[in-house]
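what shape does this take:
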Amino acid sequence: MRAGRVGMAPKITVASTSLQSVIGDIDANMKKAKEVIAKAADRGAEVIVFPELYLPGYACDESDKCFELSEPIPGPSSDALGEP
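Presented below is the predicted three-dimensional model:
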C-alpha cells in the first residue's frame, strides 16, 4: 500500500457505459452487455455500470411492457451476466 492510503479502502477501476437498448430484446442487449463487459475487464475494470433498465430497454410508459420484462434478482439475466 502506498503512503497516505493507510486505513483507506483499496482503489478500484470502474467503467461506465452509455449504450442504447433494443426495446424488449433482452437477448440482443445481453449480447452487447457481455461484449462491453469483456472489453472493460480486459482494460482493468472491476465494476461496470450500465444505464438504468438497459437489458429490457426503457419501455415504461402507459403500457405494462416494463412489468412484462421485469425479472427477479437473482434471476436469469443477473445469473447470465455473472458467468465468466
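
name the residues that touch stretch 76-84?
With contact meaning C-beta atoms under 8 Å, 6 or more residues apart in numbering, stretch 76-84 is reached by 26, 30, 33, 34, 37, 55, 71. Glycine gets a C-beta too; all of them are placed from N, C-alpha and C.

which of those are buried?
Buried members of those, scored by 16 or more other C-beta atoms under 10 Å, are 26, 30, 33, 37, 55.

the chain: helices as residue ranges?
For the chain, the helices defined by DSSP state H occupy 26-42, 65-69, 76-81.

farthest pair in the buried ones among the contacts of stretch 76-84?
By the measure C-beta to C-beta, 26 and 37 form the most distant pair in these, at 15.3 Å.

I'd like the distance between residue 82 and residue 33.
Distance of residue 82 to residue 33, given as C-beta to C-beta, to the nearest Å: 12 Å.

where does the chain dip in pLDDT?
1-5, 59-66 (pLDDT under 70).

contact partners for the residue most central in space within it?
Centroid-nearest residue in the chain, with C-alpha atoms, centre = their mean: residue 50, separated by 4.1 Å. Neighbouring residues of residue 50 by C-beta under 8 Å, 6+ apart: 17, 19, 33, 36.

go again with 7 Å.
The neighbourhood of residue 50, defined by C-beta atoms under 7 Å, 6 or more residues apart in numbering, consists of 17, 19, 33.

likewise residue 15?
40, 45, 48 are the contacts of residue 15 under C-beta under 7 Å, 6+ apart.
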